[in-house]
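Undergrad: Here is a sequence together with a model predicted from it:
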Amino acid sequence: MRSKFFETNVTLDHNPAKKRLAIPGPGRKDLMKPTMSLASKFEHITPDEFLRAEISADAKHEYVDGRVYAMVGASNAHNRIASRVLGSFGGQLAGSPCEALNSDVKVRVRSNSRTYFYYPDAMVVCESNPDSDHFQDQPVVIIEVISESTRRTDEGEKRQNYLTIPSLHHYLLLEQDRPAARVFSRTTGDEFEERSLSGIDSVIDLKPLNAQLRLADLYQT
């Protein structure tokens, strides 16, 4: 979950005095410590510079076309739903070439000559990048658990970028506070159609994985 309050501006000369953190909203006192150390006097950094720095960073960051944004921790409800998604996929994908990955794995999006790195709450890949990589390029399913603080990014910027991934079949937005979902699924015409589901008895069918997510499994306490 990206912080809506601050953006990390990174520099590349290893001078701690040049590390800056812009905080235009609430949470100012708790977020004053810079969370990433890089090297240059330029505001934008390259994807390779980001990947090298992220390996040793104290916190996770998202990369948006040269800008780096620090991420903040999620609520218990958010993490519970994301964990249950992974648990549901575990048994269904057993014996297949596909695997479910948690929010510690980045997805790389390259669209219109721009590069993005995000940390989805969960994703499924069937053709994985090499084990030495720290990101995936070919997810078939991406899941984000959304709240009011993340809704704008997850429904806007991320949806727009995720849907450009050629391998992607489904993008799921799961509500954090109630059993409801928006599902974007690729059609035979290579477009995406949207479905909205609500209620504890709803089921999300995920073709071509031959898998499904039952909202009862994700939301019941």
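TA: Received, thanks.

Undergrad: For this protein, which element, helix or strand, carries the lowest mean pLDDT?
TA: strand 20-22 (a mean of 32; mean pLDDT, DSSP states H and E).

Undergrad: Assign the residue sitting nearest the centre point of the chain to one of the three secondary structure states.
TA: When CA atoms, centre = their mean is applied to the chain, the residue found nearest the centroid is residue 120 (2.1 Å). Recorded secondary structure, residue 120: coil (DSSP: H, G, I helix; E, B strand; the rest coil).

Undergrad: what's downstream of the longest helix anywhere in the chain, the next helix or strand?
TA: Scanning the chain for the helix with the most residues, using DSSP state H, yields helix 76-92. Counting by DSSP states H and E, the next helix or strand C-terminal to helix 76-92 is strand 99-101.

Undergrad: Now do that next one: which elements does it pack against?
TA: Applying 3 or more CB pairs under 8 Å, 6 or more residues apart in numbering; DSSP states H and E, one finds that strand 99-101 contacts helix 76-92, strand 122-125. From N, CA and C alone the C-beta is placed, and that goes for glycine too.

Undergrad: pLDDT averaged over that strand, what's the number?
TA: Averaging pLDDT along strand 99-101 yields 98.

Undergrad: Direction included, what does the helix or strand just after that strand pair against?
TA: As assigned by DSSP H and E, the chain's next helix or strand after strand 99-101 is strand 106-111. Here strand 106-111 is paired, per DSSP bridges, with strand 114-118 (antiparallel), strand 135-136 (parallel).

Undergrad: Looking at those strands, spot the one closest to residue 126.
TA: When the strands paired with strand 106-111 are compared by CB to CB, strand 135-136 sits nearest residue 126, at 10.5 Å.

Undergrad: neighbouring contacts of that closest one?
TA: Outside strand 135-136, the residues that touch it by CB atoms under 8 Å, 6 or more residues apart in numbering are 51, 101, 105-108, 117, 123, 125, 128-129.

Undergrad: quick one: low-confidence ranges for this protein?
TA: Along the chain, segments meeting pLDDT under 70 span 1-43.

Undergrad: and with 80 instead?
TA: By pLDDT under 80, the low-scoring segments of the chain are 1-43, 189, 221.

Undergrad: Please enumerate the helices of it.
TA: Ranges of helices in the chain, per DSSP H, are 47-56, 76-92, 151-155, 157-162, 215-219.
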